[in-house]
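S.K.: structure for this input, please:
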Amino acid sequence: MNLLMLGIFLTGAVFFLFSTFRGIGIEMLLNTNALLIIFGGTIVALFVGFPPARILDAIKDIGSAFRDKRDRNDIVKEISDIARIYRNSDIRKIEGKMNKMDDEFMRFGLNLLINHHSGEDIRNIMEREMYVKIMRYNLSQNILKTVARLAPSLGLAGTVISLVNMFRSFGSIDSIAPMMSVALMSTFYGVIISNVFALPLSAKLKEKAIISEMLMTITIEGMLAVYAMEHPLRIEDRLSGRGQYAGANQDMRRDGAPMQGEIAYRSGV
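M.R.: Residues are numbered from 1 along each chain as shown. Got it, this is the predicted structure:
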């Protein structure tokens with residue numbers, strides 16, 4: 001996040017907090033009973049609906065969505081480096097690079113490559129692993145969407161409970177005021193948790209799933225190109241989108257015709 005975007009984010013946060021909490025005391029804002037109703041009810045409902053391991057995975061996925069900054073250019077550069085090493089049959093150097101690699105999916109594909117799996121096996125195994133990762137992001141989105149649905153409902157439940165207690169003590173004005181604050185703050189907390197946290201985080205995970213699918217698809221194509229001993233420059237052009245005739249060249253390869261520039265690449269030019 002650059003300075004301009006950070007400034008816009010902080011400005012929006014200040015405007016939101018100032019307009020929302022102006023005139024509200026800290027005691028009213030941090031209403032313990034309302035917090036217990038919302039957070040306690042949400043936690044109980046999540047553990048009823050999802051296994052604990054799934055909830056922990058969702059927390060990890062949220063963290064990775066903010067930490068992982070790899071993009072297409074990083075993937076292409078790393079695959080190009082792997083192709084250069086692989087063409088020289090330097091397995092030790094490949095293993096050393098694999099041990100230092102942060103990208104688990106690429107490390108998984110490279111492990112298949114150096115263990116002499118066939119190209120079809122590499123594609124099938126990596127695609128299956130990709131589907132598992134995408135499914136995990138979708139399941140994490142489901143948890144956040146569940147929180148977004150639960151929080152306002154629990155806030156309304158807290159409001160109803162507080163109103164019932166308030167009408168039971170209707171004879172005393174002093175006892176009505178704190179119960180009314182719990183009723184209103186319960187609804188407020190539910191709306192804030194749903195619309196400011198849960199739904200935006202779910203959208204963040206959806207974006208993460210889309211970008212991850214694209215990067216993993218590029219990784220699979222790159223590993224297959226490395227397996228086919230294609231020239232690193234050709235791999236880099238194709239994966240980065242600069243190869244305008246990549247599809248036509250692949251059709252020519254299937255027809256048995258030589259690809260443009262293939263002789264030059266094979267000659268090491």
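S.K.: what about Arg54, distance to Gly41?
M.R.: Remark: distance between Arg54 and Gly41 (CB to CB, to the nearest Å) = 19 Å. Yep, even glycine has a C-beta here, placed from its N, CA and C like the rest.
S.K.: of the two, who's got more company?
M.R.: Gly41 (19 against 15; other CB atoms under 10 Å).
S.K.: report the separation between Lys93 and Leu110.
M.R.: Counting by CB to CB, the gap from Lys93 to Leu110 is 12 Å.
S.K.: going along the chain, name the helices of the stretch 1-150 of the chain.
M.R.: Ranges of helices within the stretch 1-150 of the chain are 3-21, 26-29, 32-35, 41-49, 52-67, 72-87, 91-99, 104-114, 119-168, based on DSSP state H, counting those that start in this stretch.
S.K.: the ones you listed: which one's closest to Val226?
M.R.: helix 72-87 (4.7 Å; CB to CB).
S.K.: got the angle for the closest one vs helix 104-114?
M.R.: Here helix 72-87 runs at an angle of 20 degrees relative to helix 104-114 (axes from the mean of the first three to the mean of the last three CA atoms, to 10 degrees).
S.K.: any stretches of the stretch 101-250 of the chain with poor pLDDT?
M.R.: Low-confidence segments of the stretch 101-250 of the chain (pLDDT under 70): 169-179, 181-182, 242-250.
S.K.: I'd guessed Met126 sits against Ile220; true?
M.R.: Yes. Met126 lies in contact with Ile220 (CB atoms under 8 Å); the separation is 4.8 Å.
S.K.: which neighbours do those two share?
M.R.: Here Met126 and Ile220 share the contacting residues Gly109, scored by CB atoms under 8 Å, 6 or more residues apart in numbering.
S.K.: just the pLDDT for Val269.
M.R.: The confidence metric pLDDT takes the value 39 at Val269.
S.K.: also Leu46?
M.R.: Leu46 is assigned a pLDDT of 93 by the prediction.
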